[in-house]
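Asks: Make a model of this:
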Amino acid sequence: MKLTLTEPRFLKEPIAIISELVTDVKFKVNKDKIELVAMDPANVAMINFKLLASAFVEYDVEDDKTIGINLEHFRNVLRRAKPTDTVTLVLDEEKNRLTIQLKGESTRTFRLALIDIEDTGQKVPELKFPLTIETSTMLFDEAVEDMDIVSESILFSVDNQKFYIKASGTTNNASIEITTDDETTITTEGDAKIESRYSIEYLKKLIRISRLTDTVVVKFNNDYPLMLEYNVLNKLQFRVILAPRVAND
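Replies: From the prediction side, this is the model:
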């Protein structure tokens with residue numbers, strides 16, 4: 001297995017975010033993509049990250065592979081990659097390690113030992129949503145940051161084709177109203193009001209992936225998991241599933 005990437009950010013940014021949730025992960029590699037599914041120990045957030053074969057300038061994968069790796073070590077290596085560097089990943093099955101080469105003004109080589117991780121059979125759940133909101137990542141990120149000023153949780157609601165983002169603290173509250181325009185589309189099934197509350201702490205960590213794309217797709221239901229989808233065409237998909245916050249948590 002040999003993979004060469006000329007845009008390190010498509011691997012560097014997702015790994016930096018995922019490494020804040022989990023320590024060890026399994027990458028599944030096939031002829032179409034690299035994929036990982038990660039759930040934080042508290043079972044609050046799940047990430048499904050796919051880096052497509054078309055994102056690489058060289059993608060040599062003969063057989064399906066499963067690679068167990070310490071994410072902190074991997075992140076630390078990728079942090080050393082400059083934006084103009086070429087990153088090459090080579091699997092050495094005989095020595096049970098992953099070789100990472102960063103090539104730019106110089107060529108730097110790192111070798112990380114692979115680890116055995118128990119297969120928990122973790123899968124991305126099949127969720128159904130009555131609404132879909134596509135909006136700019138800048139608008140969504142700023143809304144989360146605004147709500148963080150007054151509360152630890154954020155309330156998303158859709159009513160009458162309007163997307164409301166609200167937060168309430170002990171003495172303060174804040175709200176944002178977003179309507180369909182050039183930057184936002186809101187698609188719903190039926191006219192019933194839909195709302196659910198989520199952790200701002202988790203959201204602030206996860207939305208950093210917005211550095212890679214200008215749009216985010218937001219899906220939720222009443223007291224139901226939130227799904228955020230970030231896509232870079234022919235490059236990657238980064239999906240977040242976040243458990244709702246209930247009244248007594």
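Asks: okay, now the domains of this protein?
Replies: Annotated domains of the chain cover 2-113, 131-225 [automatic domain parsing].
Asks: Can you give me the end-to-end span of the longest one?
Replies: The first residue of domain 2-113 is 16 Å away from its last residue (C-alpha to C-alpha, to the nearest Å).
Asks: ok now do Thr99, which residues does it touch?
Replies: Residues in contact with Thr99, defined by C-beta atoms under 8 Å, 6 or more residues apart in numbering, are 88-92, 109-111. Placement of C-beta: from N, CA and C, glycine included.
Asks: Pull up the gap between the residue of the chain most remote from its centre and Asp214, please.
Replies: Relative to the centre of the chain, and counting by C-alpha atoms, centre = their mean, the farthest-placed residue is Thr171 at 33.0 Å. From Thr171 across to Asp214, the span is 36 Å (C-beta to C-beta, to the nearest Å).
Asks: Glu145 too?
Replies: From Glu145 across to Asp214, the span is 17 Å (C-beta to C-beta).
Asks: now swap in Ala38 and tell me
Replies: 25 Å.
Asks: higher neighbour count, these two?
Replies: Between Ala38 and Asp214, Ala38 has the larger neighbour count (other C-beta atoms under 10 Å), namely 20 against 11.
Asks: by contact count, what packs against the helix or strand hosting the more buried one?
Replies: Using DSSP states H and E, the element containing Ala38 is strand 33-39. Using 3 or more C-beta pairs under 8 Å, 6 or more residues apart in numbering; DSSP states H and E, the elements in contact with strand 33-39 are strand 24-29, strand 45-52.
Asks: Serialize these to CSV and add fields for mean neighbour count and distance to Glu177.
Replies: Formatted as CSV, the helices and strands packed on strand 33-39 follow (neighbours: other C-beta atoms under 10 Å; distance: least, C-beta to C-beta, whole Å):
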stretch, mean neighbour count, distance to Glu177
strand 24-29, 19, 39
strand 45-52, 21, 27
